[in-house]
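Engineer: give the three-dimensional model of this entry:
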Amino acid sequence: MNDLRKSALSFQRGIRKTAEQDKQELLAEIRLAHSQWKTAQHHFEHALEKDEIDYAIYAIEAAEKRYEMLLRQAKKLNVTSAYHITAEVRG
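Structural biologist: I've put the predicted structure just below:
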């Protein structure tokens, strides 16, 4: 195999590896966002003061939006995983 062909194959493997790493990072971000959303819901359920409740609502909405954004991004990129995500994507 000539050097140019070896270089091209190496470059293609690098792209595939990077694309796979990007997908894995996106899936990790989705899992983190889901966890943060659940945590925000938990904080809301245990909030006592008006300010705590207001903040908890804001945190839930922000976490939910981030989670949904990441799910839409994964869907657009056709990223799938054994990790089953049950939330629906709005939009």
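
Engineer: I figured residue 57 hits residue 44, correct?
Structural biologist: Yes: counting by CB atoms under 8 Å, residue 57 does reach residue 44; the two are 6.6 Å apart. (C-beta placed from N, C-alpha, C; glycine too.)

Engineer: against residue 44, how distant is residue 23?
Structural biologist: Computed with CB to CB, to the nearest Å, the distance linking residue 23 and residue 44 is 32 Å.

Engineer: repeat that for residue 32.
Structural biologist: Residue 32 is 19 Å from residue 44, by CB to CB.

Engineer: now do the helices in the chain.
Structural biologist: 3-45, 50-76 (DSSP state H).

Engineer: kindly reformat those as CSV containing mean neighbour count.
Structural biologist: Shown next, in CSV, are those (neighbours: other CB atoms under 10 Å):
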stretch, mean neighbour count
helix 3-45, 13
helix 50-76, 15
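
Engineer: would you single out the least confident of those?
Structural biologist: The minimum mean pLDDT among the helices of the chain belongs to helix 3-45 (a mean of 83).

Engineer: look up how far residue 63 lies from residue 32.
Structural biologist: 10 Å.

Engineer: next: residue 57.
Structural biologist: Separation of residue 57 from residue 63 (CB to CB) stands at 11 Å.
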